[in-house]
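Undergrad: Output the structure for:
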Amino acid sequence: PITLEDMARHAHMSVRTFTRRFRGEVGMSPLKWVLQRRLNQAQRLLESTDLTVARVATASGFGDPVTLRKHFHMHVGLSPLAYRRAHNAPDPVHAESPPAL
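TA: Residues are numbered from 1 along each chain as shown. Sure thing, here's the model as predicted:
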């Protein structure tokens, strides 16, 4: 888990200042940016590996497949498996997982 407080502390700023500056530079909130990066990683893994949805969830920082499915459907409009099928990616089998974000 990545919290806004952790990100602000790492940047040596208050949460309010960090959020304002981040939004000014990136154009979205820090947590929305993290979510987008995690979704992008999940998409890459679904397209290019045969990892199970559970392993994709862990490797992309969602922690569990339910959370991945919820965010994936909300932002991408498909379930992770439907996305995989639409992109002609391999069907899931047990495989080694890449490092988590």
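
Undergrad: could you say what helices and strands the longest helix seen in the chain packs with?
TA: Looking across the chain with DSSP state H, the single longest helix is helix 30-48. In terms of contacts (3 or more CB pairs under 8 Å, 6 or more residues apart in numbering; DSSP states H and E), helix 30-48 is packed against helix 4-10, helix 15-26, helix 53-59, helix 65-76, helix 80-86. Bear in mind the C-beta positions are built from the backbone N, C-alpha and C, glycine included.

Undergrad: Pull the residues that contact it.
TA: For helix 30-48, contacts defined as CB atoms under 8 Å, 6 or more residues apart in numbering pick out 2, 4, 7, 18-19, 22-23, 26, 28, 51, 56-57, 59-62, 68, 71-72, 75-76, 80, 83-84, 87, 89, 98, 101.

Undergrad: Could you rerun that using 7 Å?
TA: 2, 4, 7, 19, 22, 26, 51, 56, 59-62, 68, 71-72, 75-76, 80, 83-84, 87, 89, 101 (CB atoms under 7 Å, 6 or more residues apart in numbering).

Undergrad: can you tell me how far Ala54 sits from Gly63?
TA: Using CB to CB, to the nearest Å, Ala54 is found at 10 Å from Gly63.
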